[in-house]
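**Student:** model the structure of this input:
(2 chains)
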2 protein chains.
Amino acid sequence: MSKYLITGVMGFVGRYFVEYLNEKEPQSKIYGIDIASKCDMDIKYRSLNLIDAKQVDKIVRTLKPDYIVHLAAMSSVAQSWKEPATCFMNNMSAFLNLAEAVRNNGLNTRILSVGSSEEYGMYDKPMTEDLNLHPKSPYSVARLSQEYMSKLYVDNFNMDIVMTRSFNHIGPRQNTKFVIPSFIEQLVNISLGKNENKMMVGNIDVVRDFTDVRDVVDAYYRIIKNAPNRSVYNVCSGHGVKLRDIINTTAKELNIKPNIIIDPSRVRTNEVSSVIGDNTKLKKELGWNPKYTLQQTISDIIKTYEK
Amino acid sequence: MSKYLITGVMGFVGRYFVEYLNEKEPQSKIYGIDIASKCDMDIKYRSLNLIDAKQVDKIVRTLKPDYIVHLAAMSSVAQSWKEPATCFMNNMSAFLNLAEAVRNNGLNTRILSVGSSEEYGMYDKPMTEDLNLHPKSPYSVARLSQEYMSKLYVDNFNMDIVMTRSFNHIGPRQNTKFVIPSFIEQLVNISLGKNENKMMVGNIDVVRDFTDVRDVVDAYYRIIKNAPNRSVYNVCSGHGVKLRDIINTTAKELNIKPNIIIDPSRVRTNEVSSVIGDNTKLKKELGWNPKYTLQQTISDIIKTYEK
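**Tutor:** Residues are numbered from 1 along each chain as shown, chains lettered A, B, ... in the order given. Got it, this is the predicted structure:
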């Protein structure tokens, strides 16, 4: 009976991870922490800021979890340009406080350290895990630092840490500060007549690699349960899609013709034009296979806004 | 008449940089900040913790310096393993707060961002600036992040930042928590009969590249005055020396035969066995040439402990 400590449990991925565990391993013990004051899920919960090293040490020492699924993060690239110091604090200090708590209490807890496709920077081919990393934003530098530190903890203290470089994930219930839910919500509101036919966008010709969050948590589960110590896996669909194509697919399903307007404030500084991952390692080594097509995911997201 | 803001001005390098400026550019205006409450040098001084973003913004906005010579850092590798989160905060947040102050106030201040030879990791040849970086400690990951961020600030906001990867530097007045002053102080005390003949050391067969701090500040001055924007320079002697050889040279000068004892608590985790830099770029592009031989530096350090 495994004990899981999930950070950022109230976030987009955290909630899906809890649902996944409840189904896959109903006998597991789940402890959630998050900065939110209250939790509406049926799990043991503690409101906590991971910046508070003493409290993090105390909870890890008390729980002695088998696994820490570290999902809490400040994950917005745009936000990381507005507040780079805060980005480093929230990402690095949070991770280091968790890792130090495991190290200082001599636990053999396995940690899942989530990284980002943003660590790669620009490549004109699907990115494999062995490529050199060229981070292009404070967020991606913070994620790269976290990956370096994870490897140093394994190499120097025999800790047990497995890592991801996660590409964009989407699905129902994602916060509309992210691009896809923002687009789909706008399009649904246009189709329902709630909004006038004006679709505000940034650069929609960038290519991204989207995975359904339900496939992402399946990948994370396989990685934390079965990956070799110190390994890093891309979590991605392996396919590149233009944001413009997602708008078109959604519009077609909704049977509307959106009036698309470029909003300069949404165009990001030095945005990487194409990000496509190679998921061969994850498929081959851990038997992962995504179950949701992009079409299916978009349909499911549309439903949440039509309610 | 240039305005210099020097952070960590009360530190080992900071004091020498002030002395260098007083001689080289006596008409320059020098403003120093440091965490120390008081300053015994004849400069404008403010006690400040660089973690305090608001105060950093205020001082940079008010002074509008031509140059920020950013020397403040938590620079101990050993300490970075004891307190990794604090290491990241003191190095990254301090640097980011300064850079953000320059960016947010639209200044064209040039920043000198000091990095470390520790960023390279292990190589069995003299390290040139174009090599891949493989940081092996929290300190070196923090320094690498600072270098990445420096480049991003230049690329995205046309800021003006020049960088170093500084190898070990030594000289009179260095804190004895560092290896060379600790050794020389012990040896002088043995020679004066203040200590019994027991020389406590860690691994003294590691090879390091030492530069006299007075040559280091000459390099920093040339870099901040003349280097192209976004450039990175090794600051090093180009020669590798075993710590054991420094002990022998010192002992010979003092005419003693030290009884050397390995203290396991001084042997560092995963220590890099050899670090030698290549200084061709700094010499060729900026006309730097070190003036102090290792023998001269050791003599000068000995004198400070014989007083």
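**Student:** any stretches of the stretch 201-307 of chain A with poor pLDDT?
**Tutor:** The model of the stretch 201-307 of chain A has pLDDT under 70 over residues A:269-270.
**Student:** which stretches of it form helices?
**Tutor:** Ranges of helices in the stretch 201-307 of chain A, per DSSP state H, counting those that start in this stretch, are A:213-226, A:243-254, A:280-286, A:294-306.
**Student:** could you check the angle helix A:294-306 makes with the second one?
**Tutor:** In this case it means helix A:243-254. Counting by axes from the mean of the first three to the mean of the last three Cα atoms, to 10 degrees, helix A:243-254 lies at 60 degrees to helix A:294-306.
**Student:** dump stretch A:202-217 to CSV, keeping only the CA atoms.
**Tutor:** Output in CSV follows, covering the C-alpha atoms of stretch A:202-217 (Å, rounded to 0.1, in the frame of the first residue of the first chain):
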residue,chain,number,x,y,z
GLY,A,202,-1.5,36.1,-30.0
ASN,A,203,0.8,34.4,-32.5
ILE,A,204,-1.3,31.4,-33.7
ASP,A,205,1.2,30.1,-36.3
VAL,A,206,3.4,28.7,-33.6
VAL,A,207,3.5,24.9,-33.6
ARG,A,208,3.1,23.0,-30.3
ASP,A,209,2.9,19.4,-29.2
PHE,A,210,-0.3,18.8,-27.1
THR,A,211,-1.1,15.8,-24.9
ASP,A,212,-4.3,15.2,-23.1
VAL,A,213,-3.8,15.6,-19.3
ARG,A,214,-5.4,12.2,-18.7
ASP,A,215,-2.6,10.6,-20.8
VAL,A,216,-0.1,12.9,-19.0
VAL,A,217,-1.0,11.5,-15.6
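**Student:** that one: which residues count as buried?
**Tutor:** For stretch A:202-217, burial by neighbour count (16 or more other Cβ atoms under 10 Å in any protein chain shown) applies to A:202, A:204, A:206-217. The C-beta positions use only the backbone N, C-alpha and C, and glycine is treated the same way.
**Student:** got the confidence number for the nearest residue to A:Val114 once chain neighbours are set aside?
**Tutor:** Distances taken as Cβ to Cβ, 6 or more residues apart in numbering or on different chains place A:Thr164 nearest to A:Val114, at 5.2 Å, with adjacent residues excluded. Per-residue pLDDT puts A:Thr164 at 98.
**Student:** ok, A:Thr164 touching A:Gly115?
**Tutor:** Yes. With contact defined as Cβ atoms under 8 Å, A:Thr164 counts as touching A:Gly115 (5.6 Å).
**Student:** between those two, what contacts are shared?
**Tutor:** Common contacts of A:Thr164 and A:Gly115 (Cβ atoms under 8 Å, 6 or more residues apart in numbering or on different chains): A:Val232.
**Student:** next, the nearest residue to A:Arg268 once chain neighbours are set aside: secondary structure please.
**Tutor:** Spatial nearest neighbour of A:Arg268, chain neighbours left out: A:Ala78 (6.0 Å); criterion: Cβ to Cβ, 6+ apart. Of the three states, A:Ala78 takes helix under DSSP: H, G, I helix; E, B strand; the rest coil.
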